[in-house]
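Asker: please work out how this folds:
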Amino acid sequence: MKITPSSLIAAAAAIAILAGCESESASSASITVSPSSAFVSQASPSVTLSASGGWNYTWSLSDSSIGTLDRSTGSSVTYTGTAFATNGTVQTVSVSSSAMTNSVAGAASVSISHR
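Answerer: Purely as a prediction, here's the structure:
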């Protein structure tokens, strides 16, 4: 295979076009959580949450004294409320991704009301 100046220019142009596409994707990438809000009660204490838009998800709670997660990693988790004495208590469940498409990190959260 013979490398010529014109073949190098064509290869460089192709790389520049691909790099431009990647940066456009990265700027519009974001993590979303479904459902976007929820509530739990003594009669129905659990809700399943799912994340999309990234990978290597890590989940956390704002207050572990009022609820638990069945796991801390993965694209979906089940939140179970454990404290219902005070109506109106709100738990914030956060999820982060160490690397999304094109190596952009991100995070999202959802509020869960205790009724």
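
Asker: okay, CA-based contacts and neighbour counts for the rest of this
Answerer: OK.

Asker: next helix or strand past the helix or strand of the chain with the lowest mean pLDDT?
Answerer: One helix or strand of the chain scores below all others by mean pLDDT, DSSP states H and E: helix 5-28, with a mean of 41. Sequence-wise, the next helix or strand downstream of helix 5-28 (DSSP states H and E) is strand 32-34.

Asker: Gly88: what's it in contact with?
Answerer: By Cα atoms under 8 Å, 6 or more residues apart in numbering, the contact list for Gly88 reads Ser113, His114, Arg115.

Asker: next: Thr73.
Answerer: Contact partners of Thr73, counting by Cα under 8 Å, 6+ apart, are Asn56, Tyr57, Thr58, Trp59.

Asker: ok, back up a step: in TSV: the contacts of Gly88, plus pLDDT, distance to Ser34 and secondary structure.
Answerer: Output for these, formatted as TSV (pLDDT from 0 to 100; distance: Cα to Cα, whole Å; DSSP: H, G, I helix; E, B strand; the rest coil):
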residue	pLDDT	distance to Ser34	secondary structure
Ser113	93	15	strand
His114	91	18	strand
Arg115	87	20	coil
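
Asker: of all those residues, which comes closest to Ser41?
Answerer: Arg115 (4.9 Å; Cα to Cα).

Asker: what about the closest one, how many residues nearby?
Answerer: Arg115 has 19 neighbours, counted by other Cα atoms under 10 Å.

Asker: wait, it sits on Ser41?
Answerer: Yes - Arg115 is within contact range of Ser41, at 4.9 Å (criterion: Cα atoms under 8 Å).

Asker: hey, what's in contact with both of these two?
Answerer: Among the neighbours of Arg115, those also in contact with Ser41 (Cα under 8 Å, 6+ apart) are Phe84.

Asker: how about Met58: what's its closest non-neighbour residue?
Answerer: Just to correct that, residue 58 is Thr rather than Met. Thr73 (4.6 Å; Cα to Cα, 6 or more residues apart in numbering).
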